[in-house]
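**Student:** Pasted the sequence and its predicted model underneath.
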Amino acid sequence: MRQRDLTIFRKRLDDWRQELLTDATRTVGGMGEDREQFPDPADRATLEDNRNLELRIRDRERKLISKIDEAIGRIEDGTYGLCEECGGEIGVDRLKARPVTTLCIECKSAQEETERRSRAPPARRHPRDPPEHLHTRLLWNGCTAGADSIPESAG
Ligand SMILES: [Zn+2]
């Protein structure tokens, strides 16, 4: 990728990160204030729902921020824009739409296909057959015992 593009993506990622951090701070500040304003239990229940939603959003934001950090790291070590699966170019257009992606469109599609399949019920695996296993071990132990019991013959 050209240095000019890298600079643009770096700037974009930095801005995005800053934006998310600012939002996160505002959310935390807001939670405390709201609690004071709703002494009614019903309102508090609604508030709890909102709070859970906010926490979920914040969780997602945190994950996104760490993805952004990783992307910035890749810009710094020169691997940004390379697919981590096949090593090919992800492409500037795709990166513009999803600046934190680590996969080219082909590998992403393949991954989604795999995920879709893995959501289907897994094939039933045959459990190891315990009696046979036990039997084998008993035989082995028997052998050992037998070997021990064989008197050492003079060679
Ligand atoms: Zn790829």
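**Tutor:** That came through fine. If you're wondering where the values come from, they're calculated on a predicted model, not measured in any experiment.

**Student:** Setting aside sequence neighbours, what's the nearest residue to residue 90?
**Tutor:** With CB to CB, 6 or more residues apart in numbering as the criterion, residue 90 has its nearest non-adjacent residue at 4.8 Å, and that residue is residue 104. To be clear about C-beta, it is placed using only N, CA and C from the backbone, and glycine gets the same treatment.

**Student:** same for the longest helix along the chain, what does it pack against?
**Tutor:** In the chain, with assignment by DSSP state H, the single longest helix is helix 41-77. Here helix 41-77 touches helix 3-37, going by 3 or more CB pairs under 8 Å, 6 or more residues apart in numbering; DSSP states H and E.

**Student:** near the ion, which residues of the protein show up?
**Tutor:** Applying CB under 5 Å from the ion, one finds that the chain approaches the ion through 83, 85-86, 104, 107.

**Student:** For the residues you listed, name the two members farthest from one another.
**Tutor:** 85 and 104 (7.3 Å; CB to CB).

**Student:** Under the pLDDT cut-off, which ranges of the protein? List them.
**Tutor:** Along the chain, the parts satisfying pLDDT under 70 run over 24, 26-39, 121-155.

**Student:** sorry, back to before: which of residue 85 and residue 104 has more residues huddled nearby?
**Tutor:** Set residue 85 next to residue 104 and count neighbours by other CB atoms under 10 Å: residue 104 wins out with 21 against 14.
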